[in-house]
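J.: generate a structure from the sequence data that follows.
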Amino acid sequence: MVLDALGLAIDPDQGLTAEARLLSARHEGEAAEAIVAAALDLYAGQIALVSSFGADSAVLLAMVADIDRALPVIFLDTGKLFPATIAYRDRLVETLGLTGIVTRGPDASDLAATDPAGALWMVDTDACCETRKVKPLAAALQPYAAWISGRKRYQADTRAKLPLFETADGRIKVNPLLGWDRARIEAYREARHLPPHPLVAEGYPSIGCLPCTDKVKPGEDERAGRWRGKTKTECGIHLGRPSGAVIPGI
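T.: The predicted structure follows:
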């Protein structure tokens, strides 16, 4: 913990929250590339990028590859992904020269206990996400003190007040792209000649598991196609303990 060196982390949770606030204030207004570089330096050897290899993933992956192609990149293979997402992952890994991919899937015993027929998503999407995403990510993050997320404020109302640095489940979470919008993402991707996810052109601006991802109609929220017809808006991996006050980011 950064604040340990200053003797300020009396209570671990309070210290981590203070650390997130301090870092948000310190890096407010900086370019996303600078924030990524600062996070990798600050938590060297203790940080990973979590990537879905979805519609916007190429941007952060490219920024990380510019600094450290061997940085751990955690990819959750739920067993329910679009084949196009797996192919896109392989293409980006080759294009960017990434060597630190950590693929995690659901535990076999958990699947046997909760989803033996592979149809849990039809009756309980929360339980399905818990088994196939939340628990595998928690296990994959065990060695790390911090992780980088690709969430952005514009994506949905549930993300509109994201801080630049936050705490979740005893770790620092970094959101370098929180202030970016679709136009900026596409401009960066095109400038870097990064391939797009093939499903975006087919009407999928937000891509999760195949059974729970639908095309988005013009004028709808980008994430409207996720868990269509349900009140669910998040899979659960971003619903850990939040940080304190929200600090404006870039």
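J.: return the residues in contact with residue 144.
T.: By CB atoms under 8 Å, 6 or more residues apart in numbering, residue 144 lies in contact with 43, 46, 47, 48, 72, 171. C-beta coordinates here come from the backbone N, C-alpha and C atoms, glycine included.
J.: name the helices or strands packed onto the worst-scoring helix or strand of the chain on mean pLDDT?
T.: Here the helix or strand of the chain ranked lowest by mean pLDDT, DSSP states H and E is helix 12-27, holding a mean of 89. Contact analysis of helix 12-27 by 3 or more CB pairs under 8 Å, 6 or more residues apart in numbering; DSSP states H and E lists helix 32-42, strand 165-168, strand 171-174 as its packing neighbours.
J.: contacting residues around residue 82?
T.: 199, 207, 209, 210, 213.
J.: per-residue pLDDT of it, please?
T.: Looking at residue 82, its pLDDT reads 97.
J.: and if you look at residue 154?
T.: Residue 154 carries a pLDDT value of 73.
J.: excluding its backbone neighbours, what's nearest it?
T.: Once flanking residues are discounted, residue 154 sits nearest to residue 181: 4.9 Å by CB to CB, 6 or more residues apart in numbering.
J.: then residue 227?
T.: residue 212 (5.2 Å).
J.: before we move on, back to that, okay if I get the helices and strands packed on helix 12-27 as JSON lines plus mean pLDDT, distance to residue 77 and mean neighbour count?
T.: Shown next, in JSON lines, are the helices and strands packed on helix 12-27 (pLDDT from 0 to 100; distance: least, CB to CB, whole Å; neighbours: other CB atoms under 10 Å):
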{"stretch": "helix 32-42", "mean pLDDT": "97", "distance to residue 77": "24", "mean neighbour count": "19"}
{"stretch": "strand 165-168", "mean pLDDT": "92", "distance to residue 77": "22", "mean neighbour count": "24"}
{"stretch": "strand 171-174", "mean pLDDT": "96", "distance to residue 77": "21", "mean neighbour count": "24"}
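J.: including distance to residue 13, could the ones you listed go into CSV?
T.: Shown next, in CSV, are those (distance: least, CB to CB, whole Å):
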stretch, distance to residue 13
helix 32-42, 19
strand 165-168, 8
strand 171-174, 11
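J.: of all those, which one is nearest residue 229?
T.: strand 165-168 (28.0 Å; CB to CB).
J.: each with direction, which strands does the closest one pair with?
T.: Sheet pairing of strand 165-168 (DSSP bridges) gives strand 171-174 (antiparallel).
J.: tell me which residues are up against the strand it pairs with.
T.: 16, 19-20, 23, 35-36, 39, 43, 47, 141, 144-149, 164-167, 240.
J.: rerun that using 7 Å as the cut-off
T.: 16, 19-20, 35, 39, 141, 144-149, 165-167 (CB atoms under 7 Å, 6 or more residues apart in numbering).
J.: so what's the residue count around residue 47?
T.: Neighbourhood size, residue 47 [other CB atoms under 10 Å]: 22.
J.: how much space between residue 37 and residue 71?
T.: Residue 37 is 11 Å from residue 71, where distance means CB to CB, to the nearest Å.
J.: what sits against the closest residue to residue 140 other than its chain neighbours?
T.: Computed as CB to CB, 6+ apart, the closest residue to residue 140 that is not its neighbour in sequence is residue 104, at 4.4 Å. Residues near residue 104 by CB under 7 Å, 6+ apart: 74, 76, 136, 139, 140.
J.: I only care about these that end up buried; give me the ChimeraX line for that.
T.: Restricted to buried positions by 16 or more other CB atoms under 10 Å, the ChimeraX selection for those reads:
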select :74,76,136,140
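J.: in this structure, which spans are strands?
T.: With DSSP state E as the criterion, the chain has strands at 47-50, 73-76, 101-104, 146-148, 165-168, 171-174.
J.: how about the third one: buried residues?
T.: Buried residues in strand 101-104, counted by 16+ other CB under 10 Å: 101, 104.
J.: same check on the fourth one?
T.: Along strand 146-148, the positions that meet the burial threshold by neighbour count (16+ other CB under 10 Å) are 146, 147, 148.
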